[in-house]
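S.K.: following is a predicted model, sequence given first.
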Amino acid sequence: MNKKDKQDIVARLIEKSKTYVPKPREKESAEAQLGYMIGEYIVLRFLPVLNTSMIKTNNIINVSEEELIEYKRLDELWYKNHGKNKPEAKEDWFNLRKFDHELEKKYLPHILECNLYYVIDVENIIDLKAGIRKSLWDCDVCCYKIEPDDIIIENFHDICTVIKLTLDIDREIRY
């Protein structure tokens, strides 16, 4: 791409930005907003990640040295081929994801219990769970089932709330 083409693209983008009107955000219920904040707290305080992950939380679990070496080997193999549209890159990606998934099953707790301060009874538990789901999805490192039906919320005698998440050990790794 030559300099003239780049200037044309920039000029079109500037022109388009002058007339761009963003769509108003869809309003979320108070329960969905509370759920999102709870999800952010879960990510910050409880969500475990392996030390192989590029994204870190406050709960890092170390894999064995041998497994770390193998993970790095698979990662470098994929990285070497991924930008070249080689067919091997797909298989390398699959092998890396599959190995990572096996490490998750081996090291991460299968039930993650998050003890929170008591959350007052909410009117719309579905929106609360949707907010939690959205936050856990946005963090990009959650290996737990996050569909609303999979999120268990228990209140104990106005003392605490426990949110339980189940490790997604059956998720399908795709090319």
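M.R.: Thanks, I have the structure now. Numbers count the residues shown, from 1 in each chain.
S.K.: the least confident helix or strand in the chain by mean pLDDT: what's the following helix or strand?
M.R.: Counting by mean pLDDT, DSSP states H and E, the weakest-scoring helix or strand in the chain turns out to be helix 3-19, with a mean of 81. Once the chain leaves helix 3-19, the next helix or strand it forms, by DSSP states H and E, is helix 30-45.
S.K.: can you tell me which residues contact Leu77?
M.R.: 92, 95-96 (CB atoms under 8 Å, 6 or more residues apart in numbering). Backbone N, C-alpha and C define where each C-beta goes, glycine included.
S.K.: by contact count, what packs against the least confident helix or strand of the chain?
M.R.: With contacts defined as 3 or more CB pairs under 8 Å, 6 or more residues apart in numbering; DSSP states H and E, helix 3-19 has no helix or strand neighbours.
S.K.: enumerate the positions of that helix that are buried.
M.R.: Within helix 3-19, no residue is scored as buried using 16 or more other CB atoms under 10 Å.
S.K.: helix or strand: which one has Leu116?
M.R.: Using DSSP H and E, the element containing Leu116 is strand 111-117.
S.K.: same check, this time on Ile60
M.R.: strand 59-61.
S.K.: repeat for Thr161
M.R.: Judged by DSSP H and E, Thr161 forms part of strand 160-166.
S.K.: and that strand, which strands flank it?
M.R.: In the sheet, strand 160-166 lines up against strand 111-117 (antiparallel), strand 152-156 (antiparallel) (DSSP bridges).
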